[in-house]
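Engineer: Build me a structure from this.
(one chain, ligands or ions: 1)
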Amino acid sequence: MVVKKEIITKIKRNIPNHILQLLYTAGELADSLNVKIFMVGGSVRDLLLSQYISDLDLVVEGDGIQFAYALAKELKGILKRVHRRFGTAVVMTVDGLRVDVASARTEFYEHPGALPNVKFSSLKQDLFRRDFTINALAVKINRRDFGVLLDFFNGLEDIKNKKIRILHNSSFVDDPIRIFRAIRFEQRFGFTIEKQTEELLKLAVIDGFIKRLSSQRIIAELMHILEEPKPEECFNRLLKLNIFEQISPLLVWNEQFYDYFIKARESFKYLSSELNVPQISFKQLYLQIWLFKMDYQSIEKIGKMFGLSNKEIDRIGSLNSRLNYAIRKLTVSSYLPNSQIYAELSQFSFIEQIILFSIADKKEILLSRLKVYYDKFVHLKPNLNGNDLIGLGFKPGPLLGKCLVELKKNKLDDKLTSREEEIRFALEFLSQNKDGA
Ligand code: CTP
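Structural biologist: As a prediction, the model looks like this:
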C-alpha cells in the first residue's frame with residue numbers, strides 16, 4: 001500500500017483545481033449520504049503515471065444513481081445516461097467535465113461477448129471484474145480518508161514495472177475488446193503485455209473470440225486507437241497478432257500505411273509551426289490516410305463501417321487523383337498566378353492539404369505556396385459582397401457565387417484594384433451570363 005500522503009500530493013499536483021474541488025465536494029456529499037466513494041479506473045492510473053486527468057470515474061459502495069442525482073444537484077450540472085440495470089449515470093458539470101458515477105458491482109457473463117448480468121457488490125469485487133491491474137486501483141475520496149490508495153491486485157507494482165496484466169484468466173474471453181485495449185495501453189504508455197497475459201490474449205485471438213464482438217464495438221475501439229499518440233504502432237501489433245484478418249478482409253494494414261501515418265503527423269507538426277492553420281482531428285486525418293489509397297469499393301465499405309457520410313466517401317474516393325493533379329501543378333518551379341495557387345489549394349480541407357504535403361516530393365515549393373495561401377489569400381476579400389452584387393442586379397443563386405469567385409481570382413492577380421473596377425467587372429459578368437441570372 002502507498003502511504004496516503006504521497007497520493008494526496010500527486011492528486012494536488014496532477015489534477016486541475018476545478019476537478020480537485022469536485023472531488024472534495026463529492027467526498028463531502030458521500031459523507032452526508034453515508035456511503036463510501038472512490039475515484040477508480042483510468043483516472044487513478046493516469047494520476048499515478050503523472051498524466052493529466054480530463055475525466056473522472058467514481059464508484060460508490062451503495063446507490064450510485066442516488067448519489068449521481070445528488071451530485072448533479074450540488075454541482076448544478078446535468079444528469080445523463082442513467083442505467084438502473086447497471087447502477088450507472090453520468091454527471092456533466094457546468095464546465096463540461098464528464099463524471100461517470102457507478103455503484104460498485106460485479107458482472108457475470110452468460111456467454112463470451114454477451115452483455116453482463118449485474119449484481120451490486122463491494123469495491124473489491126467491482127475492481128476485480130475490470131480489465132487490467134493498472135486499471136483496478138482506487139483512491140478513496142470521503143473527507144476523512146481522502147487520498148487513501150486501495151491496491152488489491154498489485155496495480156501499483158505493475159505501473160512501476162510497466163506491465164499490462166489481466167486480473168483473471170477468463171478476462172479476454174469475458175470481454176474480447178480487452179485484446180484491443182491491452183495493445184492500446186501498451187503502446188500509449190510504452191508498457192509491455194505481461195507474458196501470461198499475452199499468451200491468453202493470443203489464445204483468445206486464435207480461438208476466434210474477436211468474431212463474437214459486434215462490429216460497432218470493434219469500430220469504436222479502432223476509433224479510440226486512431227486517437228492515440230501513435231496509432232500506427234497499435235496497428236502494427238494488431239497485424240502481427242493476426243487480428244485484422246478477424247475483423248474484415250477489407251481492412252488492410254501494411255508498412256506503407258505505417259509510413260503514411262508518421263509522415264502525416266510530422267507534416268501536421270511542421271505546417272502548424274510554419275503557418276497560421278486551424279487545429280485538426282487526428283482521428284479524421286489518419287482515417288482519411290488509411291482510406292484514400294484504397295479502391296473505391298473498399299473506401300465505400302470501410303467508410304460506411306466508420307460512419308462516414310456518402311459525401312465524405314465520395315471526397316475520399318476522388319482524393320488520390322485530385323491530390324496527384326494538384327501536386328503536379330503546385331510544385332512547378334516556374335511562376336504560377338496567385339489565382340491558380342488559390343484555386344488548387346482551396347479545393348482541399350486542411351486535413352487534405354496535410355496529406356498533400358506529406359506525399360509531395362518538392363516540399364519547399366509547396367510550403368512557400370501554402371504560406372502565401374494562409375498568410376494572404378484566405379483573408380483577401382473582394383470589395384463587393386453578395387448584397388452589393390444583388391444591388392447591381394444579380395439574383396441570389398449560383399451565378400452570384402461564381403461572380404464572387406471571379407472577383408476574388410482577379411483581385412488575387414491584381415487585375416482588379418478598386419471598387420469601381422470590381423463594379424465594372426461584375427456588370428460585364430452579369431451581361432455576359434444573363435441567361436443564367
Ligand atoms: N474497463 C474494463 N473492461 C473494458 C472496458 C473498461 O474493465 N472492456 C474498466 C477499466 O477499469 C477502465 C474503466 O473501465 O479503467 C473505464 O474504461 P474507459 O473509460 O474505457 O477506459 P480508461 O481506462 O479510462 O482509458 P482511456 O484513457 O482510454 O479512456
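
Engineer: what are the ranges of the helices in the stretch 1-150 of the chain?
Structural biologist: Using DSSP state H, counting those that start in this stretch, the helices found in the stretch 1-150 of the chain span residues 4-14, 17-33, 42-48, 64-75, 123-128.

Engineer: Any idea which of the ones you listed gets closest to the ligand?
Structural biologist: helix 42-48 (2.3 Å; CB to the nearest ligand atom). C-beta coordinates here come from the backbone N, C-alpha and C atoms, glycine included.

Engineer: hmm, that closest one touching the ligand?
Structural biologist: Yes - shown here: helix 42-48 in contact with the ligand (CB under 6 Å from any ligand atom) through Gly42.

Engineer: coming back round to it: please produce CSV containing the helices of the stretch 1-150 of the chain, extended by mean neighbour count and mean pLDDT.
Structural biologist: Listed next are the helices of the stretch 1-150 of the chain as CSV, based on neighbours: other CB atoms under 10 Å; pLDDT from 0 to 100:
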stretch, mean neighbour count, mean pLDDT
helix 4-14, 14, 75
helix 17-33, 17, 93
helix 42-48, 22, 92
helix 64-75, 20, 93
helix 123-128, 19, 90
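
Engineer: looking at these, which is closest to Phe209?
Structural biologist: With CB to CB as the criterion, Phe209 lies closest to helix 123-128 of these, at 20.5 Å.

Engineer: by contact count, what packs against the closest one?
Structural biologist: strand 36-40, strand 56-61, strand 105-108 (3 or more CB pairs under 8 Å, 6 or more residues apart in numbering; DSSP states H and E).

Engineer: Enumerate the residues of this structure near the ligand.
Structural biologist: Gly41, Gly42, Asp57, Arg130, Asp131, Asn135, Asp175, Ile177, Arg178, Arg181.

Engineer: Pick the one among those residues closest to the ligand.
Structural biologist: Among the residues of the chain next to the ligand, Gly42 lies closest to the ligand (CB to the nearest ligand atom), at 2.3 Å.

Engineer: coming back round to it: I'd like to know which of the helices of the stretch 1-150 of the chain lies nearest to Glu364.
Structural biologist: Closest to Glu364 of the helices of the stretch 1-150 of the chain, according to CB to CB: helix 42-48, at 40.8 Å.

Engineer: Endpoint to endpoint, stretch 130-145 covers what distance?
Structural biologist: 24 Å (CA to CA, to the nearest Å).

Engineer: related to what we said a few turns ago, what about the residues of the chain next to the ligand, which one has the most neighbours?
Structural biologist: For those, counting by other CB atoms under 10 Å, the largest number of neighbours falls to Arg178: 26 neighbours.

Engineer: Can you name the helix or strand that that residue falls in?
Structural biologist: Using DSSP states H and E, the element containing Arg178 is helix 177-189.

Engineer: Please state the offset of that helix from the chain centre?
Structural biologist: On the basis of CA atoms, centre = their mean, to the nearest Å, helix 177-189 sits 16 Å off its chain's mean C-alpha point.

Engineer: Any idea how many residues pack against the nearest residue to Gln246 once chain neighbours are set aside?
Structural biologist: Sequence neighbours aside, Ile210 is the residue nearest to Gln246 in space, at 4.3 Å (criterion: CB to CB, 6 or more residues apart in numbering). Around Ile210 there are 23 other residues, counting by other CB under 10 Å.

Engineer: Next, the contact list for Ile210, please.
Structural biologist: Pro176, Ile179, Ala204, Ile218, Ile243, Gln246, Ile247 (CB atoms under 8 Å, 6 or more residues apart in numbering).

Engineer: In TSV: these, plus neighbour count.
Structural biologist: TSV is the format used below for the contacts of Ile210 (neighbours: other CB atoms under 10 Å):
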residue	neighbour count
Pro176	25
Ile179	24
Ala204	22
Ile218	21
Ile243	20
Gln246	20
Ile247	19
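
Engineer: now, among these, which is nearest to the ligand?
Structural biologist: Pro176 (9.0 Å).

Engineer: Check whether that closest one really touches Gly208, as I assumed.
Structural biologist: No - taking contacts as CB atoms under 8 Å, Pro176 lies outside contact range of Gly208: 9.3 Å.
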